[in-house]
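A.B. asks: Structure of the sequence below:
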Amino acid sequence: MVFKITTERLVLGNLSGHDLVNIQRIARDPVVMRYVLLGLEDDEQVTGFFNRGIDEAGQADRSAYILAVRTRDTGDFAGMTFLEIDPVLKTTAEAGCILFREYWANGYASEILRALLAFGFGTLSLHRIYGKCDELNLPSAGVMEKCGLQYEGTIREHVWLRDHWRSSRYFGILASEYNDKTL
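C.D. replies: As a prediction, the model looks like this:
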């Protein structure tokens, strides 16, 4: 099943067979992965994540949108993003993205998050969308705030990832707070 969200500069779409190499490139870049709260430590984890994205794309009742981010003008792989519906609270979803360094600080993350919010609240009729970031990842926190998500709190040292205990800052937005015309 073909899935695509087009923004001004990007296309968010299903992963394709050759994207495994792109996700491996992301996972092997320690600067990109510094604050990422996903376990992509080895080829087995990367392949599992990739396969989950491929499998979800084929589901009629999809609960996760694990998507490639490509530039609209060249089709180059810029990173990946996801919108994952909570399996218990089906009106809630988590949004996130990981971009190659050359796409940082150019407004791409905000463009992606705005597109996911529009899709989640519009097409999927979600009630709440949230995101989280490592407490030290100030640029990510800034993107979420810029897109209208409110800081909800920090869960302290709740996960061991790569080399130390991580604390996560949570941000969220409700459908009643979302206004795509002002974002």
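A.B. asks: For Gly127, give its distance to Leu67.
C.D. replies: No, residue 127 isn't Gly; it's His. Distance, His127 to Leu67, using Cβ to Cβ, to the nearest Å: 22 Å. Just so you know, the C-beta spots here come from the backbone N, C-alpha and C atoms, and that holds for glycine as well.
A.B. asks: These two: who's more crowded?
C.D. replies: Higher neighbour count among His127 and Leu67: Leu67, with 27 against 15, using other Cβ atoms under 10 Å.
A.B. asks: tell me what the helix or strand where the more buried one lies is packed against?
C.D. replies: In the assignment (DSSP states H and E), Leu67 maps to strand 64-71. Packing contacts for strand 64-71, counted by 3 or more Cβ pairs under 8 Å, 6 or more residues apart in numbering; DSSP states H and E, involve strand 10-14, helix 43-57, strand 77-85.
A.B. asks: Buried residues, that strand. List them.
C.D. replies: For strand 64-71, the neighbour count (16 or more other Cβ atoms under 10 Å) marks 64-70 as buried.
A.B. asks: Switch those over to TSV; also include distance to Glu84.
C.D. replies: Converted to TSV, the buried residues of strand 64-71 look like this (distance: Cβ to Cβ, whole Å):
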residue	distance to Glu84
Ala64	4
Tyr65	7
Ile66	8
Leu67	11
Ala68	16
Val69	16
Arg70	20
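A.B. asks: which two from the residues you listed end up farthest apart in space?
C.D. replies: Spanning the widest gap among these are Ala64 and Arg70, at 18.9 Å by Cβ to Cβ.
A.B. asks: which residues touch the helix or strand of the chain with the lowest mean pLDDT?
C.D. replies: In the chain, the helix or strand scored least confidently by mean pLDDT, DSSP states H and E is helix 30-33, which has a mean of 84. Identification of contacts with helix 30-33 by Cβ atoms under 8 Å, 6 or more residues apart in numbering yields 26-27, 40, 98-101, 162.
A.B. asks: Give me the below-cutoff pLDDT ranges for this structure.
C.D. replies: 1, 39, 181-183 (pLDDT under 70).
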